[in-house]
Each structure stands twice: as C-alpha cells, then as structure tokens.
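>>> Task: produce atomic coordinates for the following.
(one chain, ligands or ions: 1)
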Amino acid sequence: MSDTGMPTGLEERYRAVCENIARAARHAGRDPQSVQLVIASKTQSADAIEALIRLGHRVFGENRVQEAYSKWPDLKQRYPDVLLHLIGPLQTNKAREAVRLFDVIETVDREKLGRALAAEEARENRRLRYMLEVNVGAEEQKSGISPGNAAELLSVCRDQLQLTVEGLMCIPPAGEQASPYFALLRKLAGELGLPKLSMGMTADYPLAIQLGATHVRIGTAIFGERKP
Ligand SMILES: *Cc1c(COP(=O)(O)O)cnc(C)c1O
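As a prediction, the model looks like this:
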C-alpha cells in the first residue's frame, strides 16, 4: 500500500490494461467504447476494489455468490452505480442471493437455472441482464451449454421465461490456442442474434477483442498473480 491507500502499481496496471484494450479495438477497426472491461475481483480485498472504483471504474465480476456477499453489499451501497457481474457457475439454490446482489449473470447454462432466476426476479421485483455460458471446447468437467443446444436454451430463457438475455460468454480450454473458440462463440452469437460477447482474460484479451469481444474479464493483469 502507498500512503494514498492505493496498492502499489495497481493504478499503473489498470491504466495499462485500459490502454491495451483501446489499442486492440482501434487495431480491429472498432470503437474502443465498444469493449467493456469487467475487472475480475475474486480473492481481492474490498480496499483494492475500492481503489479502482475511486479511479472511476464501475464494472466488476465475481465468481462466487458467497464471496461477493463478503465485499459487495457495502461497496454497492456507497457506490450505487457500480455494476456487478457474476462470472462463475451458479447453483440453483443460490439464485435468490444472486438476483439480490448482481446486475448481470454471465453464466446461465441450463433451463432449470433459468427457471429459478425468473422466479426470483418476480419475487424480488428486480430485473437483471444475462448471458448464456457456452462450453466451446465441449469439455466434460466444464460448465456451459453445448453450442448445439444454445438456441433451445435461449428460446426457453428469453421467449418463455422473459429473461433479458443479451449475449454469450465462454472460457476456452486451458493451454490451447483460443482463437478458434472465440470465433465459434462469435459465429454462434451472430446466428442467435445476440449482440454481446464476453470472452478474453489476461492471457488473451487483445485476441478476443480482435475477434469481436464486447466484454473482457481481466484479473491478473490488474491485480497481479492471485494468492492461492
Ligand atoms: C478469474 C477469471 C477471469 C480473469 O482471469 P485472469 O486470467 O486473472 O485475467 C475471467 N473470467 C473468469 C470466469 C474467471 O474466473
């Protein structure tokens, strides 16, 4: 921590990532404003997050509902214009807590979860925005709907349950070239008429932007390596 309360190097790393995002967008012939940085703040302290909010950043992503509750009710009360994305898998029995705290849930991947979210929206009188998580690598252990079943899930969630589904999200298989998976997600979103694409993390966000990402989820490049 420096004496301003800003963790060492955080502001510089944040600004460098913003610059890289803008550069990648311009390089792809896109408006830098068309790419939203979602700061992945899992395991990070409320103080480090607040430092970024004070720099003017407003969009964050958390992986776990319970961890988010340990930091965000207080931060959201003090900074009501912050938008919180859920970027980790959601259990149906946590749908109520998720609907109360989050603004965007990026990881809808099954009908049962869609139904639980729709029921909680009605009960809480709160509307969120959603993305469908797609298991682009067809990895057995990974969450996400398979690409071939995405159209049906969209139809149930959007048309039947009236959830505001705006896009697709993916986490490509680790250790592989990500570009074919990013291209697959973009193609699928085009076919489904969904405008938003959440793809790209520290290792590959310039590539994701080149391939159409509208949301990049970045943690390590901003906070440094996560403590285990
Ligand atoms: C942690 C996480 C990120 C950010 O990963 P980094 O490599 O630290 O940038 C992005 N998306 C999801 C779903 C994550 O869990």
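>>> residues from this protein in reach of the ligand?
Residues of the chain found near the ligand (CB under 6 Å from any ligand atom) are 40, 42, 63, 87-88, 171, 201-203, 217-221. Using the backbone N, CA and C atoms, a C-beta is placed for each residue, glycine as well.
>>> where exactly do the strands run in the protein?
With strands called from DSSP state E, the chain shows them at 36-40, 59-62, 83-86, 104-108, 129-133, 164-169, 196-198, 215-218.
>>> For the residues of the chain next to the ligand, which entry has the maximal number of neighbours?
Greatest neighbour count in the residues of the chain next to the ligand, by other CB atoms under 10 Å, goes to Ile87: 28 neighbours.
>>> how about the nearest residue to that one, chain neighbours excluded?
Gly61 (4.0 Å; CB to CB, 6 or more residues apart in numbering).
>>> ok, back up a step: select, out of the strands of the chain, the one closest to Arg186.
strand 196-198 (6.0 Å; CB to CB).
>>> what packs against the closest one?
strand 164-169, helix 179-192, strand 215-218 (3 or more CB pairs under 8 Å, 6 or more residues apart in numbering; DSSP states H and E).
>>> Most tightly packed of those?
Comparing those by mean neighbour count (mean count of other CB atoms under 10 Å), strand 215-218 ranks first with a mean of 25.
>>> and the residue nearest to Ser143 when sequence neighbours are not counted, what does it touch?
Take Ser143 and drop its neighbours on the chain: the residue closest to it by CB to CB, 6+ apart is Pro89, 4.5 Å away. Counting by CB atoms under 8 Å, 6 or more residues apart in numbering, Pro89 touches 107, 109, 133, 143.
>>> Could I get those residues in a markdown table, plus columns for neighbour count?
A markdown table is the format used below for these (neighbours: other CB atoms under 10 Å):
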| residue | neighbour count |
| --- | --- |
| Thr107 | 22 |
| Asp109 | 24 |
| Glu133 | 27 |
| Ser143 | 14 |
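>>> List the residues that contact the residue nearest to Arg30 when sequence neighbours are not counted.
Distances taken as CB to CB, 6+ apart place Ile209 nearest to Arg30, at 7.3 Å, with adjacent residues excluded. Applying CB under 8 Å, 6+ apart to Ile209 gives the contacts 21, 24-25, 28, 30, 35, 200, 216.
>>> among these, which are in helices?
Judged by DSSP state H, those include 21, 24-25 as members of helices.
>>> tell me which of those is nearest to the ligand?
Distance to the ligand across those (CB to the nearest ligand atom) is lowest for Ile21, with 12.5 Å.
>>> phi, psi of the closest residue to that closest one other than its chain neighbours?
Spatial nearest neighbour of Ile21, excluding adjacent residues (CB to CB, 6+ apart): Val35 at 5.4 Å. Here is the backbone geometry of Val35 (degrees, to the nearest 10): phi -120, psi 120.
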